[in-house]
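Peer 1: Need coordinates for the following:
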Amino acid sequence: MIFNMPLRMPPRNSFEIGSIGTTFKRTARASVFSILITFKTNLQGIDNS
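Peer 2: Sure, this is the predicted structure:
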C-alpha cells in the first residue's frame, strides 16, 4: 500500500498541472494574438490617416 500510493498520485497531479498549463498557454496565446491584431489595426489607421 505504501509503495503503491506514490505511484498512483503523480499522474493525477501532472495531469492537472498539464491541463492548467495548456489552458494558460491558450489564454496567453489568445491575448497576444488579440494584442497583435489591435496593434496592426492601429498601424493601419495611422497609415490611412
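
Peer 1: Give me the mean pLDDT for the host helix or strand of Ile46.
Peer 2: Secondary structure assignment for Ile46, by DSSP states H and E: helix 4-48. Mean pLDDT, helix 4-48: 77.

Peer 1: let's number from 382 now, not from 1
Peer 2: Renumbered: residue one is now 382, and that last one reads helix 385-429.

Peer 1: Can you get me a residue count around Phe414?
Peer 2: Counted with other Cβ atoms under 10 Å, residues neighbouring Phe414 total 10. For the C-beta atoms, the positions are set from N, CA and C on the backbone; glycine is no exception.

Peer 1: how close does it get to Gly399?
Peer 2: Going from Phe414 to Gly399 by Cβ to Cβ, to the nearest Å gives 22 Å.

Peer 1: again with Lys421
Peer 2: Using Cβ to Cβ, which is the criterion applied here, Lys421 is 33 Å from Gly399.

Peer 1: One more: Phe405?
Peer 2: Phe405 sits at a distance of 11 Å from Gly399 (criterion: Cβ to Cβ).

Peer 1: ok, now Thr422?
Peer 2: Relative to Gly399, and taking Cβ to Cβ, Thr422 is found at 35 Å.

Peer 1: Kindly report the same for Thr408.
Peer 2: Distance of Thr408 to Gly399, given as Cβ to Cβ: 15 Å.

Peer 1: Arg410 too?
Peer 2: Distance from Arg410 to Gly399, by Cβ to Cβ: 16 Å.

Peer 1: Ile427 now?
Peer 2: For Ile427, the distance to Gly399 - Cβ to Cβ - is 42 Å.

Peer 1: same check, this time on Gly426
Peer 2: 40 Å.

Peer 1: Same question for Ile416.
Peer 2: 26 Å.
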